[in-house]
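In: structure of the sequence below:
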Amino acid sequence: MIEAAAPGSDSIHLSGDLTVDEVPTVYHESQQWLETGLPRQVDLSALKTTDSSAIALLLEWAEWARARDLEIEFIDPPEGMRTIAGLSQVGPLLGWETP
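Out: Numbers count the residues shown, from 1 in each chain. A predicted model of the protein is given here:
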């Protein structure tokens, strides 16, 4: 689920599961950002279950930002997301240090 961190904030908070089952809905909801403006920060700390499709979604959002000469900061990713990003060597594209 996508929630604004606070009214008028440029931060969002993701919670619950973000897997191949949820990503299409979240992607569809996020497309409004292309007209309303991208968030500057995405808090991932409340995500429970993720998979590689979640990483693909974050990479897409990062690309949207780069195309607009902006940056999105993805904060507090679950360890599983960091592991997938590290194994696929995309952690640096998301702004994460990976082993």
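In: can you report how many residues neighbour the closest residue to residue 12 other than its chain neighbours?
Out: In this structure, residue 12 finds its nearest non-sequential neighbour in residue 39, 4.6 Å apart by CB to CB, 6 or more residues apart in numbering. The C-beta positions use only the backbone N, C-alpha and C, and glycine is treated the same way. Using other CB atoms under 10 Å, residue 39 is surrounded by 22 other residues.
In: cool, residue 87 as well?
Out: Counted with other CB under 10 Å, residue 87 comes out at 13.
In: roughly how far does it sit from residue 30?
Out: 25 Å (CB to CB, to the nearest Å).
In: before we move on, the earlier item: which phi and psi does the residue nearest to residue 12 have?
Out: Note on residue 39: its backbone torsions stand at phi -70, psi 150 [degrees, to the nearest 10].
In: shouldn't it be in contact with residue 3?
Out: No: counting by CB atoms under 8 Å, residue 39 does not reach residue 3; the two are 11.0 Å apart.
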